[in-house]
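Asks: Just a sequence and a predicted model for now, questions to come.
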Amino acid sequence: MEKEIHKVKSIKGELRVPSDKSISHRSIILTSLAKGESTVKNFLKAGDTLTTLNVYRKLGVTIIEEKEIMRITGVNLYGYREPEDVLDMGNSGTTTRLTLGLLAGQSFFATLTGDDSLRKRPMGRVANPLREMGALIDGRKNGELLPLSVRGSKLKGTNFYNKKSSAQVKSALLIAGLLAEDITTVVEPVMSRDHTEKMLEAMDADIKIEKDNEYRVSITSGKELKGIDIEVPADPSSAAFFAAAAVLLPDSELLLKDVLINPTRDGFFRKLKEMGGKIEYTNIREKAKEPVADIYVRYSPDLRGIKIEKKDIPSMVDEIPLLILVATQADGETVITGAEELRVKESDRIKAVVNNLKNLGIEIEELPDGVILKGKQKIKGGTVDSYKDHRIAMGFSILGLISEEDIKIKNAESVFISYPEFYDHLEKVVVT
Ligand code: S3P
């Protein structure tokens, strides 16, 4: 599907963007390990999280959808069923990596594959430390790429230094740690999103967290997990697109409701504020042990360029492409480094942004681990490609709202992965 986006006057109103993708995945994967039932309110129904739902049903987990609630009956650590066929992980890195940790400690065989994008993404980062724990995983390119097979086996605890600060790797190892002998410890130079730890804590897991120069989380196996009730807040990664539109468009005023503001996730909002963005957190409260706020965003005519470094990346890893697009309109230079992880996301997001911006006549320098660009550049319009990446499609749609001529986005249907209602919501809040 090709989507054409025109210039608009401003953004006004209120939005409750869809629920958080990371927490929705975990609300099935982790609660399936419990002894007893869990409920999930506001589960995200989008491509990636529906993949998780299907996969866990194929692993024998009973998941019942009621009106607003999902009921998940946990299988108590080892009660999963051997899947009859290859498990299709679609486009979802989170489902794949967390599930690898879970399957490694079961007592059956499973095979996993995914779409064109997922089959290119590195799985060695999870498979290798799991192998250290005793996992039997094999696959394409020396066991680094999907399709992968897992023969469940007895695992032992490990001590892993998570240099890339990948929450997916950390989560996979913590899940495997629940099924392993002794203690499993993950240490991070910069803390990655901690939804897995928070949820496991709520489920009564034997988990210990220490924070000093580094972040350290340890899990000890052997404890039964209890079912919990979860209410999923709105996804800050989805809210970010509308916040960007509101700061860029004159007269805009937007209230983004019920947004997760966990400090391991809200880096985009903090940096945008540092750039001069008019952003306020209101009505701060807690939902399912996670901090939540309504975010009030207004037109911000005095945006300044910014420097983003390695330590800033984890809390805004999925929002870097969008920040680059906003920076094209800020005053002065923006320099982003330490973001090499962007090259192995749903697409090579550095390349995707640089190629598309160049097609629109924007000057930008590509670095191996980021970009350098000058602000206050005019967007003339033209055609871009989403590279079948949901966040690239949504980011360039936002840029279309301030473009002199239309921006056409190829493969715009990819928004379904995290935000199926994106274009409907956009229509709701734009003033033409
Ligand atoms: C996620 C972790 C991040 C993020 C992804 C979701 C998660 O990936 O980019 O969209 O839910 O744990 P990495 O673990 O590869 O950094």
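Replies: Right, received. Where do you want to start?
Asks: Going by C-alpha atoms from here, please, whenever you check contacts or count neighbours.
Replies: Will do.
Asks: The stretch 1-150 of the chain against the ligand: which residues are in contact?
Replies: Ser22, Thr94 (C-alpha under 6 Å from any ligand atom).
Asks: how about the helices of the stretch 151-300 of the chain, start to end?
Replies: 167-178, 195-202, 236-248, 267-274 (DSSP state H, counting those that start in this stretch).
Asks: Contacts for the first one, please.
Replies: In this case it means helix 167-178. Helix 167-178 has contacts (C-alpha atoms under 8 Å, 6 or more residues apart in numbering) with 30, 77, 93-94, 97-102, 104-105, 125-126, 129-130, 155-158, 162, 183-186, 192-194, 196, 218-222.
Asks: For that helix, what is the distance to the chain centroid?
Replies: For helix 167-178, the separation from the chain centroid amounts to 16 Å (computed by C-alpha atoms, centre = their mean, to the nearest Å).
Asks: C-terminal to the host helix or strand of Ser24, what's the next element?
Replies: Taking DSSP states H and E as the criterion, Ser24 maps to helix 21-29. Counting by DSSP H and E, the next helix or strand C-terminal to helix 21-29 is strand 37-41.
Asks: now the angle between helix 21-29 and that next one, please.
Replies: In terms of direction (axes from the mean of the first three to the mean of the last three C-alpha atoms, to 10 degrees), strand 37-41 departs from helix 21-29 by 160 degrees.
Asks: What pairs with strand 37-41, parallel or antiparallel?
Replies: When pairing is defined by DSSP bridges, strand 37-41 lines up against strand 69-73 (antiparallel), strand 229-231 (parallel).
Asks: Just give the nearest non-adjacent residue to Gly375, would you?
Replies: In space, and not counting its chain neighbours, Gly375 is closest to Thr328: 4.4 Å by C-alpha to C-alpha, 6 or more residues apart in numbering.
Asks: thinking again about what came up before, to the ligand, which of the helices of the stretch 151-300 of the chain lies closest?
Replies: helix 167-178 (3.7 Å; C-alpha to the nearest ligand atom).
Asks: Show me what counts as buried in the closest one.
Replies: Neighbour counts over helix 167-178 (16 or more other C-alpha atoms under 10 Å) mark Ala167, Gln168, Val169, Lys170, Ser171, Ala172, Leu173, Leu174, Ile175, Ala176, Gly177, Leu178 as buried.
Asks: for that helix, what is the average pLDDT?
Replies: Across helix 167-178, pLDDT averages out at 98.
Asks: cool, and stretch 255-273?
Replies: 98.
Asks: How confident is the prediction for the closest residue in space to Ile364 that isn't next to it in sequence, by pLDDT?
Replies: Among residues not flanking Ile364 along the chain, Leu373 sits closest, at 4.8 Å (C-alpha to C-alpha, 6+ apart). The confidence metric pLDDT takes the value 98 at Leu373.
Asks: Strand partners (parallel or antiparallel) of the helix or strand that contains Leu373?
Replies: According to DSSP H and E, Leu373 maps onto strand 370-374. According to DSSP bridges, strand 370-374 has the following sheet partners: strand 333-336 (antiparallel), strand 365-367 (antiparallel).
Asks: circling back: got the strands paired with strand 37-41 as JSON lines, with mean neighbour count columns?
Replies: Putting these into JSON lines (neighbours: other C-alpha atoms under 10 Å) gives the following:
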{"stretch": "strand 69-73", "mean neighbour count": "21"}
{"stretch": "strand 229-231", "mean neighbour count": "20"}
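Asks: Quick one: residues contacting Asp204.
Replies: For Asp204, the contact set (C-alpha under 8 Å, 6+ apart) comprises Glu224, Leu225, Lys226.
Asks: try 6 Å
Replies: Contacts for Asp204 (C-alpha atoms under 6 Å, 6 or more residues apart in numbering) come out as Leu225.
Asks: How much space separates it from Leu33?
Replies: Asp204 sits 12 Å away from Leu33, going by C-alpha to C-alpha, to the nearest Å.
Asks: Output the helix holding Ser24 as CSV, nothing but the C-alphas.
Replies: Provided in CSV are the C-alpha atoms of helix 21-29 (Å, rounded to 0.1, in the frame of the first residue of the first chain):
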residue,chain,number,x,y,z
LYS,A,21,4.2,-3.4,22.7
SER,A,22,7.0,-4.5,25.0
ILE,A,23,4.7,-5.0,28.0
SER,A,24,2.0,-6.7,25.9
HIS,A,25,4.5,-9.3,24.7
ARG,A,26,5.6,-10.0,28.2
SER,A,27,2.0,-10.1,29.5
ILE,A,28,1.6,-13.3,27.6
ILE,A,29,5.1,-14.8,27.6
